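# The sequence and its predicted three-dimensional model are supplied below.
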Amino acid sequence: MRRVLLAGLAAGLLWGGWPGGRERAWAAAPAAPSYVGVKSSMDAIRKALDDPAARQPNAPGWFALFDAIQSDLDAYTKATEPAGRLASLERLNEVSAALGAVAWAPAQQLRAELLQWINPRLHLASAERRLDETVKSLPQTEDPAVKANRQRWLDFVANDLGKALNEYNAAATVSQRADGLKKIHQALRLLQTRNSEHPWQPSWDLQNAVNELFNQPNLDVTADVNVVSPFFNQWLVQTGPVYRKGYWSQVTAGPKTGFGLLPSDDGIMFFNSQALTSVTPITDFQNQIASDPQGQRAAKLYVFSATTVDQANLTIYTVLRPSGLQIWPAYNHNIDASICSVPAQGGGVGRAVAGLIGLNQEAINQKVYEGAIGQFRQRIPGEAQEEAESRIAGETAQRNAQLRQFLPGDNTATVQDFLISGLSLRSRPEAVYVNGLLQSRSGDKQRGADAPQPASLAVPAAGVTADVHLVSLLDGIVAGLFERPVVQAVENVMIRTRDVPPGTPPGEAAVTRVNVDFPTYLSVARDVRKQNNAKVTALRIKRPSQPPDFAADARGYLVAIIHDVQIDVPAPDPNSSAGSMIGVKGNVLRIKMPQLEVAFSHQLDPATRQIKAQIQDFTPSPGSQVLAIDTDESKAAPLTRFTGALVMNTIGAKLRTQPLQASLDKLNLRGFAIQSVSPLDPSGWMRVNLVQAGPAAPGPEVLPTAPAGPPSQVPSTPAPSPEGAPPIPATTGAPAPAAEAAPAAAAAAPGTGAAPTAELTAPAVAAAPR
């Protein structure tokens, strides 16, 4: 009776696996449509208009419009040729143009989503058509090689690239979407090779269009002014003497008078201002008076000395570009001088005569001051400007030499084993903005995002906001790590768990060893089985032959698609209920899965500062099997389909109950802490928000010390005032859609034609069609 009950339970597990039944247990992760942003926007408007508490007389018109949009989106998805895709896009483009005349915030949001989805696809469809038309319009030829070359281009657009696009657009599962994306990138690599060897404008346009859609930036970081201030807000002046052209000046640093970010789309631009006082004795002033024809008489009567005083404000402007730093100074001056004199020997008679006509010592000092101050105010700024520019040039060269290891040029940034290509640096008074395509330096899966940032991530949060396309980021980074020699040297990993109290750090709860041969693992498996403890087990996992693929499914789960999976686990005791149910004697069960999908969810617990992940789906591919091994792995015996499915279902069910967690407080983020982690959007994007959690780590000093000598006068550049965005008007009721915004939905093109693409060699080496 017990065995009958166990068999019934096993059948239930095999059929249902876990809540949701067999469909849930074995169904592959569903792919979100490429137009998920458009669909979300329509769903939000539909929900608002469908609210019974708020009657909307225009609701039927909007619903009809949404049905038309959906019909064209479906037609694009199912189209099997460029002409069909282009026709759908052109109809949707007409809808977006009509929505532009509707002054209603939700309509404008829908239009923005439409344009974001339409434009790159329209560029791609247009590039496909231009290349096709260009080839077909070439003059007739009887040369077989020329004809063959032209045909290869037509086949490439229709088959290699076209079928990859069909497979990508029509994908119902993330695995199908990943396969389609691989083929698109294969076609893109062929185009890049061809264009590097034999440039041809239509193929350049096609390459750029594919990149625009499937190699978008996957990193967008925003840091507000409070975050960057400790790095950019610098003192400019040091108190001390400065020697220049025979004069010693004593400079006294004053207070900081300003710091701010400036609007710039050509780098991160900011300014620092500081007051200073420069006092310079003019040691040869008597000689200057004596050498002047008008001052010679005065020089015979008195010995003069002069000291200039400059109450200045120095502003340093800095722009950080991908090519390096540019720094320049600007000054505001208030220059004065004090003139002193003592009677000269032998000039008594002259001083007496001068006094009789009203030119006593004080009056003569004033005359000398009036003659000299203009020259001081004219000469000192130039000297100071020359000194400042000389110092800044040296500092700039030094700083750029230091930055060169991070900013090598060509709009790239490098950090250890990673690089950011297409680097964009911008600034506004409130924040700095950095985006680009983050990827590993090694590996052949370096891709950008295949979807733009969703509208939910449009507004950055306070502190540091890092929006990442997690899917392409993981694809590139894991592929790069996979190619490392240290990883390639690993044949397998054995993980042996321990029975430890709850809360034990993961490093103490399990022991990991690499490259464990089967006899050694067999001994460990036997020992684990003797302990008969559910908390103690040993897994031996073979390194797959290729890196995994990553995807985001329609539910917002991160999906890892792992290829060529092989896992060894201890077999249950043959005398136990589980062992008798399997019906095959052995010490080890070897699970082999050609492909395994594992879907993860995650959430951040603010109270414990723990990020927790959980396996939601464990989906082996068809053809997976379980083998029983006694002592010789070459004599493995396969389990029946029933018992094999039972084993895999049991493993999947157990994995889904095991929470995976990590403490964020252990991350060394140099004065920052992770404040929040957003759910993963079906587009593959997520947001990590960091805030300052203590003194920020000092950044590299990028501003030179200002010259302490006579400061210079150049017109100060006023900071441009930021342009405020006008408020978006909103209405409580939905306006009626424009009549032209609801064209009839076109019928979808029949069939998908998602056949595997053939290898293209000719366009990569052949000259442009002629």
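That came in fine, so what should we check first? Numbers count the residues shown, from 1 in each chain.

# Break this protein into its domains for me.
The record's domain parsing of the chain by automatic domain parsing lists 36-214, 217-470+679-719, 491-542+557-666.

# how about the ones you listed in CSV, adding mean pLDDT?
Below are the domains of the chain laid out as CSV (pLDDT from 0 to 100):
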stretch, mean pLDDT
domain 36-214, 92
domain 217-470+679-719, 87
domain 491-542+557-666, 87
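
# Mean neighbour count added to those, as a markdown table?
Every C-beta, even on glycine, is put in place using the N, C-alpha and C of the backbone. Compiled in a markdown table, the domains of the chain are given as follows (neighbours: other CB atoms under 10 Å):
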| stretch | mean neighbour count |
| --- | --- |
| domain 36-214 | 18 |
| domain 217-470+679-719 | 17 |
| domain 491-542+557-666 | 16 |
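
# now those in TSV, with distance to Pro30?
Shown next, in TSV, are the domains of the chain (distance: least, CB to CB, whole Å):
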stretch	distance to Pro30
domain 36-214	6
domain 217-470+679-719	9
domain 491-542+557-666	10
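
# Out of these, flag the one nearest Phe482.
Among these, the nearest to Phe482 by CB to CB is domain 217-470+679-719 (6.6 Å).

# those strands in the stretch 551-700 of the chain, which residues are they?
558-570, 588-605, 610-620, 625-629, 637-638, 660-663, 672-677, 685-692 (DSSP state E, counting those that start in this stretch).

# quick one: which of the ones you listed is nearest Asn411?
Nearest to Asn411, of those and by CB to CB, is strand 685-692 at 22.3 Å.

# remind me, longest strand of the protein?
strand 302-321 (DSSP state E).

# Mind listing the strands that strand pairs with, and their directions?
In the sheet, strand 302-321 lines up against strand 268-282 (antiparallel), strand 324-332 (antiparallel), strand 335-343 (antiparallel) (DSSP bridges).

# Reformat those as JSON lines; add distance to Arg687.
Shown next, in JSON lines, are the strands paired with strand 302-321 (distance: least, CB to CB, whole Å):
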{"stretch": "strand 268-282", "distance to Arg687": "21"}
{"stretch": "strand 324-332", "distance to Arg687": "30"}
{"stretch": "strand 335-343", "distance to Arg687": "53"}
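
# Tell me which of those strands lies nearest to Val598.
Comparing these under CB to CB, the one sitting nearest is strand 268-282, at 40.1 Å.

# Keeping just the C-alphas, turn the longest strand of the chain into PDB.
This file holds the C-alpha atoms of strand 302-321, laid out as PDB (Å, rounded to 0.1, in the frame of the first residue of the first chain):
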ATOM      1  CA  TYR A 302      62.400 111.400  -4.900                       C
ATOM      2  CA  VAL A 303      63.100 107.700  -4.800                       C
ATOM      3  CA  PHE A 304      59.900 105.900  -5.500                       C
ATOM      4  CA  SER A 305      58.600 102.400  -4.700                       C
ATOM      5  CA  ALA A 306      55.400 100.700  -5.700                       C
ATOM      6  CA  THR A 307      53.400  97.700  -4.600                       C
ATOM      7  CA  THR A 308      50.500  96.300  -6.600                       C
ATOM      8  CA  VAL A 309      47.500  94.700  -4.800                       C
ATOM      9  CA  ASP A 310      45.100  92.600  -6.800                       C
ATOM     10  CA  GLN A 311      41.800  91.500  -5.200                       C
ATOM     11  CA  ALA A 312      40.900  88.800  -7.800                       C
ATOM     12  CA  ASN A 313      38.400  86.100  -8.300                       C
ATOM     13  CA  LEU A 314      39.700  83.100 -10.300                       C
ATOM     14  CA  THR A 315      37.300  80.800 -12.200                       C
ATOM     15  CA  ILE A 316      38.600  77.500 -13.700                       C
ATOM     16  CA  TYR A 317      36.400  75.800 -16.300                       C
ATOM     17  CA  THR A 318      36.900  72.100 -16.900                       C
ATOM     18  CA  VAL A 319      35.400  69.800 -19.500                       C
ATOM     19  CA  LEU A 320      35.900  66.000 -19.200                       C
ATOM     20  CA  ARG A 321      35.400  64.400 -22.600                       C
END
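
# contacting residues around Arg540?
With contact set as CB atoms under 8 Å, 6 or more residues apart in numbering, Arg540 has these partners: 492-494, 516, 521, 567-569.

# now swap in Asp284 and tell me
Gly246.

# ok, now the one 5 residues further on?
Counting by CB under 8 Å, 6+ apart, Ile289 makes contact with 295-296, 298-299, 304, 368.

# Could you tell me how far it is located from Gly350?
15 Å (CB to CB, to the nearest Å).

# Ok, Met686 next?
Met686 is 88 Å from Gly350, by CB to CB.

# Could you do Gly374 as well?
Taking CB to CB, one finds Gly374 at 26 Å from Gly350.

# Then Leu262?
59 Å.

# again with Gln625
Taking CB to CB, one finds Gln625 at 119 Å from Gly350.

# do the same with Ala158
104 Å.

# helix, strand or coil for the residue of the chain positioned farthest from its centre?
Seen from the C-alpha centroid of the chain, the residue lying at the greatest distance (CA atoms, centre = their mean) is Val349, 83.9 Å away. Classification of Val349 by DSSP: H, G, I helix; E, B strand; the rest coil places it in helix.

# and if you look at Ile392?
Taking three-state DSSP, the label given to Ile392 is helix.
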